[in-house]
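Engineer: Predicted model, plus sequence, below.
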Amino acid sequence: MATNRNAVEGAKTWEGFFGNDFGQAADLRFATIERDGAGVISGEVLPDDPLMGSMAAFREVRDRMKAEGRPGAVFVHGFNNSWEDAVRAGLDLAEIYGMEVLVFTWPSDGVLNYREVKRRAILSVPAFDRLLEKLVFGLKGTTPETACGQRLSLIAHSMGNWILENFIRSDFFNNEFLIFDNVNMVAADVNNEGHVAWVDKIQARRDVNIFINEDDIALDISTAKIGEKQKARLGNFPRRLESKRAHYYNLTDALDRLGELAEHSHGYFKDRKIILEKLGDTLYQFSKIGVALSDGFTGQRIGGGHYHPGLNFYSL
């Protein structure tokens, strides 16, 4: 876990490690979190020191990825996620997709004013930039001997993509996405209009994947927010998909076939009832949606799907 949230001194359990406000300016703190076989979550806040904190955490994850052959992912969550929400999301993603997950969690909760949360996302850009700088040396390694040798991807959900957009448009941006095999934008709560200008600057090692659900109810609500700058959202608008860099995946029909709850889902990427198909009492396999998301999230090329040349997206 990496965060620019305020650390809570004296917290006795993991639920209280960090609050819903900012830490010191551009501050970035780290914590290790794990969940055992019985579902019990535990963890610790690492010292606010590069050698004992972030570098130690990255070294541990890097060695585990190398030893177990597991891909890794950086996950950036969206609107109104608490510290506890972010922890559980990271653990769920790691379990579902079989990968190491580093969560960048920012203070998107504590206020329900949408514009204020968007402002908080913009203020989180410097901390996100610091995280990427640390990732280059800490997780990928600097020599063949220390490199983890595994795929690494970025997953941004909902308003987490607003952090990406503002980072890319800022003076901080310096092609840092070259450390990622894939960049995945899920249910992106950013304007569809004008997205090509910044999406085409992303230089991932393999693919940029944008996932769309036209019936995403949360993005319908977001689109309706007052303000001339608030327009059709990239994560649910299937027009003007004109990026030369990105692959667009329209999951609408596939979600519709799973029923009303899936049809309007905003968090489909971590919903086991959508991602997994039951084969027996304890045996599961990925659904078509799950296969596409898994390939994207674990740094592989997404296969299959039906391409619609007139609209420039793939459907499942």
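Structural biologist: Looks like it came in fine.
Engineer: just for the protein, where's the confidence low?
Structural biologist: Applying pLDDT under 70 to the chain picks out residues 25-26, 140-145, 226, 228.
Engineer: Okay, helices next: where are they in this protein?
Structural biologist: 54-68, 83-97, 114-123, 125-138, 160-168, 195-199, 217-223, 252-256, 260-263, 272-275, 288-297 (DSSP state H).
Engineer: out of those, which comes closest to residue 313?
Structural biologist: For residue 313, the closest of the helices of the chain is helix 252-256, at 9.8 Å, according to CB to CB. Where you see a C-beta, it was placed from the backbone N, CA and C, and this is true even at glycine.
Engineer: rewinding a little: ok, which of the helices of the chain comes nearest residue 209?
Structural biologist: Proximity to residue 209, assessed across those by CB to CB, is greatest for helix 288-297 (4.4 Å).
Engineer: what's the closest one packed up against?
Structural biologist: With contacts defined as 3 or more CB pairs under 8 Å, 6 or more residues apart in numbering; DSSP states H and E, helix 288-297 has these neighbours: helix 83-97, strand 152-157, strand 182-186, strand 207-212, helix 252-256, helix 272-275.
Engineer: at 7 Å what do you get?
Structural biologist: Under the contact criterion of 3 or more CB pairs under 7 Å, 6 or more residues apart in numbering; DSSP states H and E, helix 288-297 touches strand 182-186, helix 272-275.
Engineer: Which residues does the longest one contact?
Structural biologist: Among residues not part of strand 182-186, those counted as contacts by CB atoms under 7 Å, 6 or more residues apart in numbering are 153-157, 161, 177, 202, 204, 206-211, 269, 296-297, 299.
Engineer: Just the buried residues of those residues.
Structural biologist: The neighbour count (16 or more other CB atoms under 10 Å) marks 153-157, 161, 177, 202, 204, 207-211, 269, 296-297, 299 as buried among those.
Engineer: among the helices and strands packed on helix 288-297, which is the most enclosed?
Structural biologist: Highest mean neighbour count of the helices and strands packed on helix 288-297: strand 182-186, a mean of 27 (counted as mean count of other CB atoms under 10 Å).
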